[in-house]
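Chemist: next one to model:
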Amino acid sequence: MKIIFATLAYILIGVIELRPALKNTKQVDINWYIILFMFSYFLSILLLLKANIPSPLRPFSDFITHLLGLKS
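Modeler: Numbers count the residues shown, from 1 in each chain. Below is the predicted model:
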């Protein structure tokens, strides 16, 4: 039931936001918007299904630690 509600919410938001964008923006911007919108939709569905999605915090903190030369 939650997946159906999330899908309907994404369709509603997509229709509301995409209609003015089709008139006022370039095709490249619309393509990026659709790609990011679909990515967020798939992530929300995975979260509703309780899939184990790894956190990006660990690689990011390792990168910052390496960049700054800190040792933990």
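Chemist: can you map out the strands along the protein?
Modeler: Counting by DSSP state E, the chain has no strands to list.
Chemist: can you tell me the centre-most residue of it?
Modeler: Nearest residue to the geometric centre of the chain (C-alpha atoms, centre = their mean): residue 40, 2.8 Å.
Chemist: contact partners for that one?
Modeler: Counting by C-beta atoms under 8 Å, 6 or more residues apart in numbering, residue 40 makes contact with nothing. C-beta: built from backbone N, CA, C; applies to glycine.
Chemist: distance of it relative to residue 11?
Modeler: 13 Å (C-beta to C-beta, to the nearest Å).
Chemist: run through this structure and note the low-pLDDT ranges.
Modeler: Low-confidence segments of the chain (pLDDT under 70): 71-72.
Chemist: again, only using 50
Modeler: Counting by pLDDT under 50, the chain contains no low-confidence range.
Chemist: the helices in it, which residues?
Modeler: 2-24, 27-48, 57-68 (DSSP state H).
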